[in-house]
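J.: build me a structure from this.
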Amino acid sequence: MNLSHSDREMYGADGHVGHATAPGFPNPSPAPPYATPYVVQYPDGTILWSTGLCHCTDDPANCLITCCCPCITFGQIAEIVSKGSSNCAVSGTLYALLCFTGLSCLYSCAYRSRLRAEYDLEESPCADCLVHFCCEGCSLCQEYRELKNRGLDMGIGWEANVDRQRRGLTLPPVVVQGMTK
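T.: Okay, here's the model as predicted:
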């Protein structure tokens, strides 16, 4: 793919648009597993999500799993966000049971709020409960990608990720200052 210099800055060398972009900041190519993620921080302290809400196909495998059985994705997110205090299987089962009542979005939006608080992420495109009520699948995929882009392996659980970090196999995210007024 032939991209101009400005396109390479905006989209990355391979044309991929999967990471956070801000005017004046180049978009890196997709990060290899366990690499330092690219994070944009604004002066008010909020940080952009590493991918957009509707970028579900950036991770096709997770997109398919979330479409077929969102309780799996939710269970993985819940275990990581709760730092191991919620078991993946228990959280996923509870989520599946709540799906029958239509209240699963209320349960999952609480974890989105915890994830945002943990990483100082902006509340976008709207309030967490509205995102989960209107776009449940997309929001779960976005949360999954956010944790994955921050160097967490969603398939191994909290304890294994902590062990991996202790051994130095993952790096903390790089924070880039965003636009100023």
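
J.: any chance you could map the helices in the protein?
T.: Counting by DSSP state H, the chain has helices at residues 5-11, 60-68, 70-81, 88-99, 104-119, 128-134, 136-149, 157-166.

J.: check which helices and strands the second one is in contact with.
T.: In this structure, helix 60-68 makes packing contacts with helix 70-81, helix 136-149, judged by 3 or more C-beta pairs under 8 Å, 6 or more residues apart in numbering; DSSP states H and E. Every residue, glycine included, has its C-beta placed from N, CA and C.

J.: try the third one
T.: Under the contact criterion of 3+ C-beta pairs under 8 Å, 6+ apart, helix 70-81 touches helix 60-68, helix 88-99, helix 104-119, helix 136-149, helix 157-166.

J.: average pLDDT across the last one?
T.: Per-residue confidence for helix 157-166 averages out to 89 on the pLDDT scale.

J.: what's the burial count for Gln142?
T.: Neighbour count of Gln142, defined by other C-beta atoms under 10 Å: 25.

J.: so what's Leu94 up against?
T.: Leu94 makes contacts with Tyr107, as judged by C-beta atoms under 8 Å, 6 or more residues apart in numbering.

J.: could you check how far it is from Thr101?
T.: The gap separating Leu94 from Thr101 is 11 Å, by C-beta to C-beta, to the nearest Å.

J.: just Ala78 next, same as before
T.: Ala78 sits at a distance of 18 Å from Thr101 (criterion: C-beta to C-beta).

J.: the more surrounded of these two?
T.: Ala78 (27 against 8).

J.: surely the more buried one and Ser85 touch.
T.: No: look at Ala78 against Ser85 with C-beta atoms under 8 Å: they stay out of range, at 9.4 Å.
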